[in-house]
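Visitor: Make a model of this:
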Amino acid sequence: MTYVRDDVKNLLGMMAAVEGPQMHEVDAETARQMYLQMGAIAERPAPADVATANFEIPRPANSGPAGAIKARSYRPANAAADGPTICFFHGGGWVIGDLDSHNSLVAEIAKLTGFNAVAVDYRLAPEAPWPAAVDDALAAARWIASSPASLGFKVSRLIFAGDSAGGNLSAISARALRRELPVAAQWLIYPGTDMAADSGSMVEFAEGYLLTAAGMAWFGTHYAPDPAHELASPILSADWADLPPALVFTCGLDPLRDQGRAYAAKLAAAGTRLITREAAGQVHGSAQLRAAIPSAQADLEAQVADLKALLA
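Guide: From the prediction side, this is the model:
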């Protein structure tokens, strides 16, 4: 019998009783509004003692007409003046999500770690399909690591972090930039690592556990990646040498669970310093549902403890 936490069971029951279309049954813009509305109901308030500031990251001169990348900095009261900085990429299947959808989560991460953080609002599909999100992630990371005066603090080391699609971008960025930037770690929260996955947990948890197989197909259709390319499916990369230390978090009821497990196994086989944690009875997206799923707060706090151990 599949184990489901009580608080998760309560949320799933309430969602099943709600009438109306699911996100994958509407257009992208409507889905984005639904995502924000769900967060307003199910997420905890952002901690008040973390200072935030919105700004724009300029693109390299040769990057085309896409415009600046929106971002938000988070400065906890106890942050070191020149400590590690978390570069955070939000989840949402590369189609939904933004600075506001993940504001509480990133603020909480900054408070718990004591590290400054920068959330990156990369371009979304279908307006900007793959690899636009990857291009934005890499450009933003390079700018953040340069410690520009407009950022307001010095970046001594960079920690890539993100959930779901953001975990995918974090894994890609950590690999692509590890020899160029001072990358201290990669924190992958239920990451998507294999765009062609169609077995195991993708089938076992295809329906009824928040993220669905139909939803993943909808995201993939909009994002339109090459599933065989390492900038879409980082698990397919041939280069596993000297990767930054990794924290890989998976959830027991997640269609993406097996992708996270498999990616962690490859990291371990390559000798990467690694900590893995799996939340039994937990669903994909739980890090943003900490009011509706109180146990997800404990999961997040445990990950922060793991991250500090990884960096020690």
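
Visitor: Okay, and F249 sits in which element?
Guide: strand 246-251 (DSSP states H and E).

Visitor: Paired strands for that strand, with orientation please.
Guide: Applying DSSP bridges, strand 246-251 is found paired with strand 183-189 (parallel), strand 274-279 (parallel).

Visitor: How many residues are close by R178?
Guide: 18 (other CB atoms under 10 Å). In this view, the C-beta of every residue, glycine as well, is placed from N, C-alpha and C.

Visitor: Any chance of TSV for the strands paired with strand 246-251, columns mean pLDDT, distance to F115 and mean neighbour count?
Guide: What follows is the strands paired with strand 246-251, written out as TSV (pLDDT from 0 to 100; distance: least, CB to CB, whole Å; neighbours: other CB atoms under 10 Å):
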stretch	mean pLDDT	distance to F115	mean neighbour count
strand 183-189	98	10	26
strand 274-279	98	17	19
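
Visitor: Any chance of those strands in CSV with distance to L210 as columns?
Guide: Listed next are the strands paired with strand 246-251 as CSV, based on distance: least, CB to CB, whole Å:
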stretch, distance to L210
strand 183-189, 15
strand 274-279, 13
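
Visitor: Remind me which helix or strand H222 belongs to.
Guide: In the assignment (DSSP H and E), H222 maps to helix 213-223.

Visitor: Flag every buried residue along that helix.
Guide: A213, G215, M216, W218, F219, G220, H222, Y223 (16 or more other CB atoms under 10 Å).

Visitor: that older thread, of the strands paired with strand 246-251, give the one that comes closest to A137.
Guide: Proximity to A137 (CB to CB) singles out strand 183-189 among these, at 12.2 Å.

Visitor: For the closest one, which outside residues touch it?
Guide: Outside strand 183-189, the residues that touch it by CB atoms under 8 Å, 6 or more residues apart in numbering are 84, 86, 91, 157-164, 166-167, 170-171, 173-174, 177, 243-249, 260, 263, 287, 303, 307, 310-311.

Visitor: following that strand, which helix or strand comes up?
Guide: helix 201-204.

Visitor: neighbouring contacts of that next one?
Guide: A213, M216, D254, P255, L256, R257, D258, Q259.

Visitor: Then stretch 22-30?
Guide: 31, 34-35, 95-96, 124-127, 212, 214-215, 217-219, 222.

Visitor: can you do 6 Å?
Guide: By CB atoms under 6 Å, 6 or more residues apart in numbering, the surrounding residues in contact with stretch 22-30 are A31, M34, V95, A214, G215, W218.

Visitor: What residues sit buried inside the helix or strand just after the strand holding F249?
Guide: Next in sequence after strand 246-251, counting helices and strands by DSSP H and E, comes helix 257-269. Using 16+ other CB under 10 Å as the test for burial, helix 257-269 gives R257, D258, Q259, G260, R261, Y263, A264, K266, L267.

Visitor: where does this protein dip in pLDDT?
Guide: 63-65 (pLDDT under 70).

Visitor: now the helices: where do they sit in it?
Guide: Here the chain has its helices, by DSSP state H, at 6-17, 28-42, 103-113, 132-145, 165-177, 201-204, 213-223, 257-269, 295-311.

Visitor: I'd like the ones you listed laid out as a markdown table, including distance to D49.
Guide: A markdown table is the format used below for the helices of the chain (distance: least, CB to CB, whole Å):
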| stretch | distance to D49 |
| --- | --- |
| helix 6-17 | 26 |
| helix 28-42 | 21 |
| helix 103-113 | 7 |
| helix 132-145 | 23 |
| helix 165-177 | 24 |
| helix 201-204 | 38 |
| helix 213-223 | 35 |
| helix 257-269 | 32 |
| helix 295-311 | 16 |
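
Visitor: Can you tell me which of these is most buried?
Guide: Most buried of the helices of the chain, by mean neighbour count (mean count of other CB atoms under 10 Å): helix 165-177, with a mean of 27.

Visitor: so how far is that one off the chain centroid?
Guide: When distances are taken as CA atoms, centre = their mean, to the nearest Å, helix 165-177 is centred 9 Å away from the chain's centroid.

Visitor: And that helix, what does it pack against?
Guide: Here helix 165-177 touches strand 84-89, helix 132-145, strand 157-163, strand 183-189, going by 3 or more CB pairs under 6 Å, 6 or more residues apart in numbering; DSSP states H and E.
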